[in-house]
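K.L.:
The sequence and its predicted three-dimensional model are supplied below.
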Amino acid sequence: MYICGPTVYDYFHIGNARTFIMADIIRRYLEYKNYNVTYVMNLTDIDDKIIKKSIEEKVPASEVAKKYSDAFFEDIKRLKIKLATFYPKATDNIDEILRMIKALVDGGAAYNVDGNVFYNVSSFKPYGKLSGKKIDELESGARVEVMEEKQDPLDFALWKKSKEGEPFWKSEWGNGRPGWHIECSAMSCKHLGETFDIHAGGNDLIFPHHENEIAQSEAATKKPFVKYWLHFGFLNINKEKMSKSLGNFFTAREVLAKYSAEAIRLFFAQAHYRGPVDFTSELLDSAEKGLEKLKNLRSAIDSAMNKNKPGGVDPGFNFQHFEKRFTDALDDDFNTPQAVAVIFDFVKEANRTIAEKENLHLDFYIAARDFLIKTADNVLGIISFKEKEVKQDSLLENELIKILIDIRLKAKNEKNFQLADDIRKKLESLAITLKDTKEGTDFFKRE
RNA sequence: GGCGGCGUUGCCAAGUGGUCUAAGGCGAAGGUCUGCAAAACCUUUAUUCGUCAGUUCGAAUCUGACCGCCGCCUCCA
């Protein structure tokens, strides 16, 4: 599986994050289904924008790329995106790229004009098959900037001759750097072979980027390039595409400063990957709110398991039923909104069971926990069940909380509700929530 | 101009020929529990799916027209 990654000239925005997150969920689901997924995401670390930025900031292009690819890895980690199998960089794969360009030139699909190598679009008959465009229609409506060197305005650069002061690599056509489209063809081929299963990317890459990849790869290898294309819808702001060029964007780190990764992921998972999504803080708030339900059930499960009472009733809960509904949803073109609905149905049903049956068998909680780990945690990534490290001081802390709970209980028994409420309120302000139940008082620490 | 997509409850959003008087989340209203909270549970919240016409025994789902919105055709996830 290959996905077009970022050009590392800036922090990525929350619209890019949507693509990365949805691709991550799809990848995690394929792994859930026991596919052995080789997940490749390229990093474009040499390109016009990077060069522009390096001139503006008066630092080498490689330093710009380093800074923003470091930032990229920080951000995806915070978004709970699993690391790819490979993150090939353009500058590490110049040999592969040059080899493919050579194959294209030798095969007559590309030509060299004074150190610039262009792909000859008209040499590839199926050009336009992915985007549904026809070559002649494109030409008639061409807004394409006409470069004099090109034989045809639709032709695109495989190798760009370097200008004075720009970074360059040596090639038989002279000093230059790779074009954007050829990177993906060369690097996907290197890691995934000449034909591979899934290629994903944003909607706007269909044309020309993915169209060009097909043209390059299929002309070079004479084999089908990709079996399935996956294109993600845009994130809009006020129904307008969020993009760097329009300037109407939030970076992922700006959004992460206000909202949890889980809420961001839930927000995206609640819409189908192909459609557009409007981004507003109200919707993030409502996702954050919805997450509470999931977290409360997790707390209930955790505290029941900590008590570890033997025996109890087996409620005959049908976990398979929910798991089947979950996989049915995702088997149907990765219908994540449906899958999320199944999770919430499960939460409701589990809560109902807990509310109705007094003394549940521990196995119920274990199975409920397993179900949520498999689905909501491992696939969707909207909640985490990972064992938290128990720190030394938190053990002491827990004992102190228990003492306060005892004092509060005494106060309650003496009908000194003012003191009882005061203790609860003060603990709340320390992010510790008390919850009175029939079996005593539980406490939860907020994250 | 060419190509593609979308329009479902107060908001978001699944559903693409009968199980739909339409899932799920948020919001709202009432109730149970509680000293009070919190959480949880129960009940209510679209006879209707942009508009009009058609196909069909049957349509949110198919066809046509119209209205509105968006994207791509130039770097863009």
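P.N.:
Thanks, I have the structure now. Computed from a predicted structure; not experimentally measured.
K.L.:
Give me every residue in the stretch 301-447 of chain A lying close to RNA strand B.
P.N.:
Applying the criterion C-beta under 7 Å from any atom of the strand, the portion of the stretch 301-447 of chain A that neighbours RNA strand B consists of A:332-333, A:335, A:337-338, A:340-341, A:344-345, A:347-348, A:351-352, A:354-355, A:412, A:417, A:420-421, A:424, A:433-437. C-beta here means a position set from N, CA and C on the backbone, and glycine is covered the same way.
K.L.:
So which of these belong to helices?
P.N.:
A:337-338, A:340-341, A:344-345, A:347-348, A:351-352, A:354-355, A:412, A:417, A:420-421, A:424 (DSSP state H).
K.L.:
that older thread, give me the PyMOL select line for the residues of the stretch 301-447 of chain A next to RNA strand B, limited to the buried ones.
P.N.:
A single PyMOL command selects the buried members of these (16 or more other C-beta atoms under 10 Å):
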select buried, chain A and resi 335+340+347+354+412+420+424+434
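K.L.:
lowest confidence element among the helices and strands of chain A?
P.N.:
For chain A, counting by mean pLDDT, DSSP states H and E, helix A:135-140 ranks last in confidence among helices and strands (a mean of 71).
K.L.:
how far does whichever strand or helix holds residue A:198 sit from the chain's center?
P.N.:
Per DSSP states H and E: residue A:198 is located in strand A:196-202. Computed by C-alpha atoms, centre = their mean, to the nearest Å, the separation of strand A:196-202 from the middle of its chain amounts to 14 Å.
K.L.:
name the helices or strands packed onto whichever helix or strand comes after it?
P.N.:
Using DSSP H and E, the helix or strand that follows strand A:196-202 in sequence is helix A:211-221. Based on contacts counted as 3 or more C-beta pairs under 8 Å, 6 or more residues apart in numbering; DSSP states H and E, the elements that helix A:211-221 packs against are helix A:94-106, strand A:116-119, helix A:180-192.
K.L.:
buried set for helix A:211-221?
P.N.:
When burial is assessed from 16+ other C-beta under 10 Å, helix A:211-221 yields the following buried residues: A:211, A:212, A:213, A:214, A:215, A:216, A:217, A:218, A:219, A:220, A:221.
K.L.:
next one: stretch A:175-189
P.N.:
Neighbour counts using 16+ other C-beta under 10 Å place A:176-189 of stretch A:175-189 among the buried residues.
K.L.:
Pick out the residue of chain A closest to RNA strand B.
P.N.:
Among the residues of chain A, residue A:202 lies nearest to RNA strand B; the distance is 1.3 Å by C-beta to the nearest atom of the strand.
K.L.:
and that residue, what is it in contact with?
P.N.:
For residue A:202, the contact set (C-beta atoms under 8 Å, 6 or more residues apart in numbering) comprises A:4, A:16, A:19, A:231, A:232, A:234.
K.L.:
quick one, what contacts the fifth one?
P.N.:
So that's residue A:232. Under the criterion of C-beta under 8 Å, 6+ apart, the neighbours of residue A:232 are A:18, A:19, A:22, A:23, A:200, A:201, A:202, A:203, A:273, A:274.
K.L.:
The last one now?
P.N.:
With contacts defined as C-beta under 8 Å, 6+ apart, the neighbours of residue A:234 are A:15, A:202, A:203, A:204, A:241, A:242, A:276, A:277.
K.L.:
Adding pLDDT, write the residues you listed out as CSV.
P.N.:
Written out in CSV, the entries for the contacts of residue A:234 read as follows (pLDDT from 0 to 100):
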residue, pLDDT
A:15, 94
A:202, 93
A:203, 92
A:204, 91
A:241, 89
A:242, 91
A:276, 91
A:277, 93
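K.L.:
follow-up on the earlier one: I'd like the contacts of residue A:202 laid out as a markdown table, including secondary structure, distance to residue A:443 and pLDDT.
P.N.:
Formatted as a markdown table, those follow (DSSP: H, G, I helix; E, B strand; the rest coil; distance: C-beta to C-beta, whole Å; pLDDT from 0 to 100):
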| residue | secondary structure | distance to residue A:443 | pLDDT |
| --- | --- | --- | --- |
| A:4 | coil | 47 | 95 |
| A:16 | helix | 40 | 94 |
| A:19 | helix | 40 | 96 |
| A:231 | strand | 47 | 94 |
| A:232 | strand | 42 | 95 |
| A:234 | coil | 44 | 92 |
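K.L.:
Run through those residues and flag the ones next to RNA strand B.
P.N.:
Under the cut-off given by C-beta under 7 Å from any atom of the strand, RNA strand B has A:4, A:16, A:19, A:232, A:234 from the contacts of residue A:202 close to it.
K.L.:
Present these as CSV; the columns should include distance to residue A:365.
P.N.:
Formatted as CSV, those follow (distance: C-beta to C-beta, whole Å):
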residue, distance to residue A:365
A:4, 43
A:16, 39
A:19, 37
A:232, 37
A:234, 41
